[in-house]
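A.B. asks: any chance you can model this:
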Amino acid sequence: MTAEDIRDFQRAKPFRPFRLTLTNGEEFDVKHPELILAAGGMVYLLREAARNPDPQGGSAVDASLLHVLKIEHLTDAAAPPVDRSTV
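C.D. replies: Take a look at the predicted model:
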């Protein structure tokens, strides 16, 4: 995964929320383009306040781009598998 791959998702018009999956299995949902930065071989993410008990409202996570296994739009990731055996 490259920084440009992530920026393509980040800069899409209209913006569509997406999910990053890391090699350790962690998943991060990016629901706003200003919550992520990819630069210098790293990706920096801000976690939403609702998912973090920190009174400041959130926290930051950073990871090497080498550990970004997958990137996908949330609508694609959240869609249940289609059972075509009954069609």
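A.B. asks: please, which helix or strand holds L45?
C.D. replies: Following DSSP states H and E, one finds L45 within strand 42-46.
A.B. asks: from the chain's centre, how far out does that strand sit?
C.D. replies: In terms of CA atoms, centre = their mean, to the nearest Å, the centre of strand 42-46 is set 9 Å apart from its chain centre.
A.B. asks: check stretch 66-78 too.
C.D. replies: 6 Å.
A.B. asks: buried sites along that stretch?
C.D. replies: 68, 71 (16 or more other CB atoms under 10 Å). Just so you know, the C-beta spots here come from the backbone N, C-alpha and C atoms, and that holds for glycine as well.
A.B. asks: give me the residues contacting it.
C.D. replies: 1, 5-6, 9, 16-24, 29, 31, 41, 43 (CB atoms under 8 Å, 6 or more residues apart in numbering).
A.B. asks: L65 contacts A3, doesn't it?
C.D. replies: Yes: using CB atoms under 8 Å, L65 is in contact with A3, at 6.3 Å.
A.B. asks: for the chain, which spans come out with low pLDDT?
C.D. replies: 48-58, 76-87 (pLDDT under 70).
A.B. asks: show me where it has strands.
C.D. replies: 18-22, 27-30, 36-39, 42-46, 60-64, 68-73 (DSSP state E).
A.B. asks: by contact count, what packs against the third one?
C.D. replies: Under the contact criterion of 3 or more CB pairs under 8 Å, 6 or more residues apart in numbering; DSSP states H and E, the helices and strands touching strand 36-39 comprise helix 3-11, strand 42-46.
A.B. asks: show me the contact partners of the last one.
C.D. replies: Looking back up the chat, that one is strand 42-46. With CB under 8 Å, 6+ apart as the criterion, strand 42-46 contacts 3, 6, 20, 28, 30, 35-38, 58-65, 68.
A.B. asks: switch the cut-off to 6 Å
C.D. replies: Contact partners of strand 42-46, identified using CB atoms under 6 Å, 6 or more residues apart in numbering, comprise 28, 35-37, 58, 60-63, 65.
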